[in-house]
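Visitor: Below is the sequence, then the predicted model.
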Amino acid sequence: MRPHMAIGTMEQESDRRRFLSVVLTGAAIGVAGCSGDDGSGNGTDGGNGGGMDTTTTSNGGMTTTTAAETTEPTTTEEPPEETTEEPLEETPVVDPDNDAPDGVFGQFQFDAANTGFVPDASVPSSPSLDWQYPEEPADSIEGPVYVDGALYAIVRADETRTMVALDAITGEVLLEDEEVFSSVFSYFAPAYLGSSLYVNGGEAIRSLSASDFSEEWTGAQSLSSIAEMTVTDDALYGWGGGFEETSVRSLSRSDGSLRWEQTLTLDDLTRERPVAVAEDTVLVPGDELLALDANDGSELWSVTAEDTITAPPTVVDGTAYVGTEAGRVRGYDVADGTEVLTAEPDVGIFDIEEPLVHNDGRLFGTSLSASFAVDIASGSVDWTLDTGFAAPPTAADDVFLGLSPGGDPIRAVDRSDGSMAWGAGPIISAGSMSGSGRVFAIGSLVFAAYNGVIVGLS
């Protein structure tokens, strides 16, 4: 029987993260080459915002709660005085002359579809270490996300969580604020869209200005702290409810109010896995792959795979690709759930828990013991590699990027044949830590967070 890595309690989530961290820290690591409604709410977690009427409908084992329109009394008022507002700056904390590339890596796996592919990057062939932050490893790093030259992350050290902004070229601290987390906790990275950072503190979602970390709003609704949130132009999506009753929630990006909530009764939810949003469809992983209407949360379709889906969906050209407990790759048509691809790479005894990554017609996937590429057109396994990665991989240029549990921690794998393009990264020995890591490229720069530090390479 394969080890099942899905998490049902916060303690188990912490155990899993500690496991991945131990794998990363226990290896012999060396240096090499060096995305609404405008409603408002004042309710509590699990309820509707104050003053918000709701409509609740049932469909089989699911209940959908949506915000209902209300009619306000007509009043006659003097027109407000015209005011001129200064436009929000996208990257106000960064010196415009610091030569960092424009671009945004604003959420888990780059975009709401979880493709993991960063366009317009030119990954260096033999990168070297430019900087490390902090000098002494923290207990964990959540993030970072990248916004036109600035890196935003949450740093935990000695039970203190601090939001930081770093200069991407030098690693210099541009902003930091411990008060952001004075009454909430966060296990996951902030997400960015427009000019705002969205922070999931478990008890509430908070919107912060990227320019100075000032609070724009604190939502009355929450998202669970067991999965990264997914951000689109008008909404935030993620898991809600408790461990006895689980739901998928959509919150307004303008004020955090509840747009809709779909209560689920699936038997085996992998709730630590983020949802994907594409073509106005929310894809929810679990013992079933469930498709919800992104506008109102109603069910569109569901399919039951032969084995539990353990990886977040990745949507490419209208197909949702997932990894499973039995090490298979499956593809489903987003329009109706028709299965269109099945592949069986050899990944050893481990599940495919990390999201699949798309790069020019190939899907890259990994377990803890092996990685592989699947051709989207044919469904064939093009190559396998006897190296697993212990964090979500990404793709840029002609390579896949991952964090390795052994050898050089940051690795680039050639898209075409699976050969190792390069390995790099400093030796980090900081004991057992939480946080599963992140690696990506922007322009000709590579950034990674693992074992309590963030590093920049070029």
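Guide: Received it, and whenever you're ready, just let me know what you need. Only a predicted model underlies this, so the values are computations on that prediction, with no experimental measurement involved.
Visitor: Any chance of the backbone angles for the nearest residue to E172 once chain neighbours are set aside?
Guide: Closest residue to E172 apart from its sequence neighbours, by C-beta to C-beta, 6 or more residues apart in numbering: L166 at 6.7 Å. Every C-beta, even on glycine, is put in place using the N, C-alpha and C of the backbone. Here is the backbone geometry of L166 (degrees, to the nearest 10): phi -120, psi 150.
Visitor: in terms of contact, does L166 touch Q132 like I think?
Guide: No. Counting by C-beta atoms under 8 Å, L166 stays clear of Q132, with 10.8 Å between them.
Visitor: still on that earlier bit, show me what contacts the residue nearest to E172?
Guide: Taking C-beta atoms under 8 Å, 6 or more residues apart in numbering, we find L166 in contact with 133, 144, 150-153, 172-174, 454.
Visitor: which residues are in contact with both of L166 and Q132?
Guide: Shared contacts of L166 and Q132, counting by C-beta under 8 Å, 6+ apart, come down to I454.
Visitor: quick one: average confidence on stretch 106-125?
Guide: Confidence for stretch 106-125, expressed as mean pLDDT, is 96.
Visitor: most centrally placed residue in this structure?
Guide: Centroid-nearest residue in the chain: F108, 2.1 Å away (criterion: C-alpha atoms, centre = their mean).
Visitor: For V173, see how far away that residue is.
Guide: In this view, F108 and V173 are 24 Å apart by C-beta to C-beta, to the nearest Å.
Visitor: which ones are touching G143?
Guide: G143 neighbours (C-beta under 8 Å, 6+ apart): 151-154, 189-190, 438, 449, 454.
Visitor: Give me the subset of the residues you listed lying in strands.
Guide: Using DSSP state E, the subset of the contacts of G143 located in strands is 151-154, 438, 449, 454.
Visitor: which of those count as buried?
Guide: Among those, those scoring as buried are 151-154, 438, 449, 454 (criterion: 16 or more other C-beta atoms under 10 Å).
Visitor: closest to A210 among those residues?
Guide: Y152 (7.1 Å; C-beta to C-beta).
Visitor: On the strand side of things, show who the closest one bridges to.
Guide: Beta-bridge pairing for Y152 (DSSP bridges): V145, A165.
Visitor: List the contacts of it.
Guide: Contact partners of Y152, counting by C-beta under 8 Å, 6+ apart, are 143-146, 163-166, 190, 192, 197, 210.
Visitor: Flag the helix or strand of the protein with the lowest per-element mean pLDDT.
Guide: When the helices and strands of the chain are scored by mean pLDDT, DSSP states H and E, helix 10-26 comes last with a mean of 40.
Visitor: Excluding chain neighbours, give the residue nearest to D102 in space.
Guide: Nearest one to D102, counting by C-beta to C-beta, 6+ apart, is D148 at 5.1 Å.
Visitor: how about V180, phi and psi?
Guide: Taking degrees, to the nearest 10 as the convention, V180 sits at phi -50, psi -30.
Visitor: Identify the residue nearest it in space, chain neighbours excluded?
Guide: Per C-beta to C-beta, 6+ apart, closest to V180 is M163, 4.5 Å.
Visitor: which residues of the stretch 301-450 of the chain fall in strands?
Guide: Assigned by DSSP state E, counting those that start in this stretch, the stretch 301-450 of the chain shows strands spanning 314-316, 319-323, 329-333, 339-343, 357-359, 362-366, 371-375, 381-385, 394-396, 399-403, 410-414, 420-424, 438-442, 445-450.
Visitor: Give me the mean pLDDT for the fourth one.
Guide: Think strand 339-343. So the average pLDDT for strand 339-343 ends up being 95.
Visitor: Equivalent analysis for the second one, please.
Guide: When the per-residue pLDDT values of strand 319-323 are averaged, the result is 97.
Visitor: what about it, distance to the chain center?
Guide: Counting by C-alpha atoms, centre = their mean, to the nearest Å, strand 319-323 is centred 16 Å from the centre of its parent chain.
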